[in-house]
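# Pasting the sequence and the predicted coordinates here, then a few questions.
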Amino acid sequence: MASIQKRKNKNGTSHWRAVVRLKGYPTVCNHFDRKQEAEDWAQEVERQIKIGQFKFDRVNTHRTFADLVQRYISDGTLEHLRAQRDAIRHMNYWKERLSGYALVHVTPELLSKERQRLIDMPTLKGKKRTSATVNRYIAALSSCLTYACRRLRWIDENPCFNLIKLKESKGRDRILSEDEASRLINSCRESSNPYLYCIVLMAITTGMRQGEILQLRWDQIDFKNQLAHLKETKNGRPRSVPLVDEVIEELKQLHEAKDLHKQLVFASKTAFGEIDIKKPWQAALARAGIINLRFHDIRHSFATLAARQGASNLELATAMGHRTLQMLQRYTHLEADLVRKYSEGITKNLNVGAMNEQRA
């Protein structure tokens with residue numbers, strides 16, 4: 001018995017799903033743009049099944065997960081994702097795990113087992129994955145399978161939809177005190193790494209993400225107006241971040257000594273690409289006597305320090321590039337002045353200017 005159902009696509013258009021179910025035979029599905037095409041196909045498939053001519057082994061089983069990933073990547077789908085590098089890493093993992101499977105065999109039961117494996121198996125560093133990390137892996141896989149379902153129509157439905165999202169723990173609330181921030185800045189100034197002081201000072205006084213800072217190029221630095229123009233941000237919207245005098249002075253010194261062949265502000269000395277600050281960062285924390293602090297905690301600390309100076313939630317969201325407030329886009333013209341106001345206030349409270357005078 002055949003059934004024809006109308007389905008909505010993500011872009012607002014519709015397609016028709018044809019399902020042929022006959023007792024004693026596997027269910028056969030297909031998708032069409034027009035209802036008449038779906039009805040004609042279903043009628044022909046039903047006829048072939050009844051007379052023993054339908055080739056079940058040729059329906060969908062020739063499409064493998066490896067085929068899907070190749071098409072998914074070649075279509076440029078990942079290029080439009082905000083966290084492109086993470087998405088690529090996640091898809092490489094799934095390709096390794098599922099490449100030998102036909103798409104029809106990528107079932108909710110299989111994915112449930114694979115998710116449990118992610119939970120149980122430690123990472124290469126020997127650490128256990130958090131629920132949030134596992135959810136990100138599943139989200140990347142789900143995006144790929146949704147593409148197979150809605151764009152390619154290689155599968156009838158996304159098997160990830162049957163997986164209930166793991167409950168994630170509350171985010172960290174580690175905040176730097178003003179004393180810790182001052183000690184950290186002093187410690188970073190003593191680092192043998194020529195970039196660390198400027199990077200951390202920029203993070204503390206602007207709330208910029210580590211990735212945003214490390215990916216900065218010289219053509220994004222506006223020395224005249226003391227701005228860093230961020231083209232690619234996590235929320236997908238560009239923004240301009242005002243830089244305090246102390247950061248500008250550090251950047252000018254780096255600019256004078258820059259490698260003319262490299263565009264990154266904080267360029268690696270031995271390769272073309274971003275630097276790795278893990279070791280100097282950990283060493284700076286140890287010198288400052290600061291424990292249990294991640295670089296991203298500085299961003300939260302900026303928000304807290306600015307809030308103590310009277311910044312509202314709306315002002316903070318604007319300054320830090322969040323899109324969590326519905327009315328935020330109406331206030332984008334406030335962005336530069338707001339960040340500069342609170343950045344200068346934080347710099348004054350931490351007495352960074354006096355530290356630099358002593359350094360000179």
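Right, received. Where do you want to start?
# which residues in the stretch 51-200 of the chain form helices?
Residue ranges of the helices in the stretch 51-200 of the chain, as given by DSSP state H, counting those that start in this stretch, are 65-74, 84-98, 108-120, 131-146, 178-189, 196-206.
# so which of those comes closest to residue 265?
helix 196-206 (8.5 Å; Cβ to Cβ). Glycine gets a C-beta too; all of them are placed from N, C-alpha and C.
# got the angle between the closest one and helix 178-189?
Angle, helix 196-206 to helix 178-189, by axes from the mean of the first three to the mean of the last three Cα atoms, to 10 degrees: 150 degrees.
# close enough to count as contact, residue 131 and residue 170?
No - Residue 131 is not in contact with residue 170 according to Cβ atoms under 8 Å; the separation is 11.3 Å.
# Can you report how many residues neighbour residue 75?
Residue 75: 12 surrounding residues under other Cβ atoms under 10 Å.
# From residue 154, how far off is it?
13 Å (Cβ to Cβ, to the nearest Å).
# so who does the nearest residue to residue 243 once chain neighbours are set aside touch?
Among residues not flanking residue 243 along the chain, residue 226 sits closest, at 5.0 Å (Cβ to Cβ, 6 or more residues apart in numbering). Contacts for residue 226 (Cβ atoms under 8 Å, 6 or more residues apart in numbering) come out as 242-245, 248, 340.
# List only those of these flagged as buried.
Buried members of the contacts of residue 226, counted by 16 or more other Cβ atoms under 10 Å: 242-244, 248, 340.
# Sketch out the low-pLDDT regions of the stretch 251-360 of the chain for me.
271-272, 306-343, 345-346, 351-360 (pLDDT under 70).
# Please read the previous query as pertaining to the stretch 1-150 of the chain.
Scanning the stretch 1-150 of the chain for pLDDT under 70 picks out 10-11, 56-62, 79-83.
# Please identify which helix or strand holds residue 24.
For residue 24, there is no host helix or strand (DSSP states H and E).
# Comparing residue 131 and residue 170, which residue is more hemmed in?
residue 131 (13 against 5).
# List the contacts of the more buried one.
Contact analysis of residue 131 by Cβ under 8 Å, 6+ apart lists 166-169.
# could those be laid out in TSV, adding pLDDT and neighbour count?
Formatted as TSV, these follow (pLDDT from 0 to 100; neighbours: other Cβ atoms under 10 Å):
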residue	pLDDT	neighbour count
166	92	15
167	90	8
168	83	12
169	78	8
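# Make JSON lines out of the residues you listed and add distance to residue 17.
Formatted as JSON lines, the contacts of residue 131 follow (distance: Cβ to Cβ, whole Å):
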{"residue": "166", "distance to residue 17": "30"}
{"residue": "167", "distance to residue 17": "33"}
{"residue": "168", "distance to residue 17": "34"}
{"residue": "169", "distance to residue 17": "39"}
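# out of the residues you listed, who's nearest residue 222?
residue 168 (38.4 Å).
# What spatial separation is found between the closest one and residue 188?
32 Å.
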